[in-house]
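Colleague: next come a sequence and a model predicted from it.
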Number of protein chains: 2
Amino acid sequence: MWELFQFPLCPFSRKVRLLLGEKGIGYDLVRESPWERRDEFLDINPAGKTPVMVDKDQGTTLIDSRAICEYFEETVEAARMITGPATARAEIRRLVAWFDETFFADVTLPLMHERMFKRLIHRASPDGTALREAMKSADAHLDYIDYLLDHRRWIGGATLSLADLAAAAQISVADYLGGFNWSSHAQAKAWYAGLKSRPSFRPLLSERMEVISPPAHYDKVDF
Amino acid sequence: MWELFQFPLCPFSRKVRLLLGEKGIGYDLVRESPWERRDEFLDINPAGKTPVMVDKDQGTTLIDSRAICEYFEETVEAARMITGPATARAEIRRLVAWFDETFFADVTLPLMHERMFKRLIHRASPDGTALREAMKSADAHLDYIDYLLDHRRWIGGATLSLADLAAAAQISVADYLGGFNWSSHAQAKAWYAGLKSRPSFRPLLSERMEVISPPAHYDKVDF
């Protein structure tokens, strides 16, 4: 059985969990708080980041969320998420990088910093200016998603792909941390509502990070 | 013909160029300074990052260095760089992420910030403490490379892989910016000397970034 080292608001672990859910791959969750830099975890992953997946029976360790997703794409036929001709696959991977890097740096990380790390680690109050900046970026990112969905059925093209899962993973963490005003984003909202109703998504929505509560709409499919 | 948008010290463009060189794929260089945030470039890549590859004849645009590498791995048989069973491929991709993210954040980016961006953009002097910190990290990273090469012929396993190219790309930029003292790293040095002597590497070593000169050993295979 696979073990997945993660914490409830790790957006990269959420991307992997959505993929595993879509593919029907079972796993046990192992709670890991990478900011504690636990020696036993650093021995497994010197980068000190989640997610990490370990299958003790097979002696397999998988590290880095994109490497993990590529591994399950290559080894599990069900629910392929990087599909189509090579240019379409490149577009899916571009968007995965967009959400993993640009969205994360603009939106998810500042929200995590202000509303989670400051509370859990520094016992400090969030900085209002930084929060407003992150929420402004969040709004611009929803505009970009609206724009993509003007031209496509899903974020990465005509079918559900890893781009949708990467986007939904980041958005779900940012939404938990109160980053969005959904009111003027009908297309992004309809797309996200569709993803929230998928069986792969439900387990994520019921989990809570200690000390921090999500807004009331967070786990509602109809929000 | 492919066009590759990049600047001489972009480590991610260097990784792609090493891969293209190994595979024997031709391309024209287009100089792009992403920090200038040129409108025409942002229209091509809203993330505003290099490398970007464009083939006007085919109407193809490729964005994000990992997506670009996967694309050429999938479409060009020659010189496969993500090989072996799925676990070996996951290990190669883990190390690509290690150099793209951890090495870049610890070593390449601070050196670029202190010795390149401060000079080109801010007209400011480098900060001695930040430089010493980056060079200390660089030394720890060479230790890790020595450790990997204790157990393996190449960084990612028994054969040359994308992990070596990702590592060499970051190292070459950090070395240009004077980040390394190679004296106590015989294994890493021998490995890097071997890579420097490859035809795919030679064009990179002869290029110069305006205003900034590399140390004397930078382009010498025997250093």
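Modeller: Perfect, thanks for sending it.

Colleague: what does chain A have sitting close to chain B?
Modeller: Taking CB under 8 Å from any CB of the partner chain as the contact definition, chain A meets chain B at A:46-47, A:60, A:62-64, A:66-68, A:70-71, A:74-75, A:86-87, A:89-90, A:93-94, A:96-98, A:101-102, A:144. C-betas here are computed from N, CA, C, even on glycine.

Colleague: try it again with 6 Å
Modeller: Where chain A comes near chain B, counting by CB under 6 Å from any CB of the partner chain, the residues are A:47, A:60, A:62-64, A:67, A:70-71, A:74-75, A:86-87, A:90, A:93-94, A:97-98, A:102.

Colleague: pull out the buried members of those residues.
Modeller: If you count burial by 16 or more other CB atoms under 10 Å in any protein chain shown, the buried members of the residues of chain A next to chain B come out as A:47, A:62-64, A:67, A:70-71, A:86, A:90, A:93-94, A:97-98, A:102.

Colleague: still on that earlier bit, return the subset of the residues of chain A next to chain B lying in helices.
Modeller: Residues of the residues of chain A next to chain B located in helices (DSSP state H): A:67, A:70-71, A:74-75, A:86-87, A:90, A:93-94, A:97.

Colleague: give me the residues contacting the helix or strand of chain A with the lowest mean pLDDT.
Modeller: The least trusted helix or strand in chain A, going by mean pLDDT, DSSP states H and E, turns out to be helix A:202-206, with a mean of 95. Applying CB atoms under 6 Å, 6 or more residues apart in numbering or on different chains, the external contacts of helix A:202-206 come out as A:14, A:219.

Colleague: and stretch A:66-79, by the same measure?
Modeller: Stretch A:66-79 is contacted by residues A:16, A:19, A:22-24, A:53, A:62, A:82, A:162, B:86, B:90, B:93-94 when judged by CB under 6 Å, 6+ apart.

Colleague: distance to B:H185 added to these, as TSV?
Modeller: Listed next are those as TSV, based on distance: CB to CB, whole Å:
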residue	distance to B:H185
A:V16	34
A:L19	38
A:E22	44
A:K23	42
A:G24	46
A:M53	32
A:L62	29
A:I82	37
A:L162	38
B:A86	32
B:A90	27
B:R93	25
B:R94	22
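
Colleague: pick out the most distant pair among those.
Modeller: Across the contacts of stretch A:66-79, no pair lies farther apart than A:G24 and B:R94, at 24.4 Å, counting by CB to CB.

Colleague: re earlier: pull out the buried positions in the least confident helix or strand of chain A.
Modeller: Neighbour-count burial for helix A:202-206 flags A:L204 (criterion: 16+ other CB under 10 Å).

Colleague: how near is the most centrally placed residue in chain A to chain B?
Modeller: Centroid-nearest residue in chain A: A:A169, 2.2 Å away (criterion: CA atoms, centre = their mean). From A:A169 across to chain B, the span is 17 Å (CB to the nearest CB, to the nearest Å).

Colleague: list the contacts of that residue.
Modeller: Counting by CB under 6 Å, 6+ apart, A:A169 makes contact with A:11, A:14-15.

Colleague: one more time with 8 Å, if that's ok
Modeller: A:A169 sits next to A:11-12, A:14-15, A:18, A:99 when contact means CB atoms under 8 Å, 6 or more residues apart in numbering or on different chains.

Colleague: ok, now A:H151?
Modeller: If a contact means CB under 8 Å, 6+ apart, then A:H151 has no contacts.

Colleague: what strand or helix carries the residue located most distally from the centre of chain A?
Modeller: What lies farthest from the middle of chain A is A:D57; by CA atoms, centre = their mean that is 27.5 Å. Counting by DSSP states H and E, no helix or strand carries A:D57.

Colleague: so it sits against A:W2, correct?
Modeller: No - using CB atoms under 8 Å, A:D57 is not in contact with A:W2; the gap is 9.5 Å.

Colleague: show me the longest helix that occurs in chain A.
Modeller: Max-length helix for chain A by DSSP H is helix A:128-151.

Colleague: mind checking the pLDDT average for that one?
Modeller: Helix A:128-151 comes out with an average pLDDT of 97.

Colleague: and for stretch A:209-223?
Modeller: Mean pLDDT, computed over stretch A:209-223, is 93.
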